[in-house]
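S.K.: this one's sequence-less:
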């Protein structure tokens, strides 16, 4: 399953799955928001937060609302891609009345047949844990091999990473070699030569392996997949990104890389420019 609240959840509430003239599907562990159209409500429920469009998502202007933790489907559909249950919205009378539903709470009557999800609401102080994958849900982060020795520990040389990095926005984790287990942030924008101001304490040898995560501790740029179910390891985020405040990056175990973060408060302003 995707995202989860590590600390500081605000409230659990039930909300409709956005329909807006066509069905949408939501997944457990998915970041969702209320759709906006020109900074005004553009849907009747929640939809995937989705990937950012514009710097700090100032084009998309998505406002994080929460994380899906359940639904009112009596027999939820398991989604093997996102490793959790899913629910699709419906609009017509016939489609609503054909549903098998259970368990709605809050303002919605238990006999209301519309598709509803239970959402753990988040705010600017909510701490979130999210998986980091490489281009697809469940795909472990790419590992790169150093090809040129560095006797001062200031340069990692690799085959090209997938996208051009933003300076000071990529953390390199050493997975094998004398510096195994250590993290450093690169300031360079090269796809092949990754330079540091704070060097690794030991020489970097040919054959040492590293995992680049396009995040850094503190406030940084980040990007999610289109369904907002994970953090992208190597996104093309020169102009499209969210601002998040990273508290911890963990790349120790292949396939289990994750970050602990909160959204920067700026992301909750629906009319931001």
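M.R.: Received it, and whenever you're ready, just let me know what you need. What you are looking at is a predicted structure, and each value in this text was computed from that prediction instead of being measured.
S.K.: Neighbours of the residue nearest to residue 144 when sequence neighbours are not counted, how many?
M.R.: Excluding its sequence neighbours, the residue lying closest to residue 144 (CB to CB, 6 or more residues apart in numbering) is residue 158, at 3.9 Å. (Each C-beta comes from the backbone N, C-alpha and C, glycine too.) For residue 158, the neighbour count with other CB atoms under 10 Å is 21.
S.K.: Give me the neighbour count for residue 200.
M.R.: Neighbour tally, residue 200, other CB under 10 Å: 23.
S.K.: Then residue 4?
M.R.: 16.
S.K.: Now do the same for it: its pLDDT.
M.R.: Looking at residue 4, its pLDDT reads 98.
S.K.: pretty sure the residue nearest to residue 144 is in contact with residue 194, am I right?
M.R.: Yes: if you go by CB atoms under 8 Å, residue 158 and residue 194 touch, sitting 7.0 Å apart.
S.K.: And the residue nearest to residue 144, how far from residue 143?
M.R.: 10 Å (CB to CB, to the nearest Å).
S.K.: How is the chain partitioned into domains?
M.R.: Residue ranges for the domains of the chain, per automatic domain parsing: 4-127, 129-268.
S.K.: quick check: mean pLDDT across the last one?
M.R.: What that stands for is domain 129-268. Averaging pLDDT along domain 129-268 yields 98.
S.K.: Do me a favour and get the end-to-end distance for it?
M.R.: 18 Å (CA to CA, to the nearest Å).
S.K.: in a strand, that's where residue 174 is, yeah?
M.R.: Yes: looking at residue 174 with DSSP: H, G, I helix; E, B strand; the rest coil, it is inside a strand.
S.K.: pretty sure it is touching residue 205, no?
M.R.: No: judged on CB under 8 Å, residue 174 makes no contact with residue 205 at a distance of 10.7 Å.
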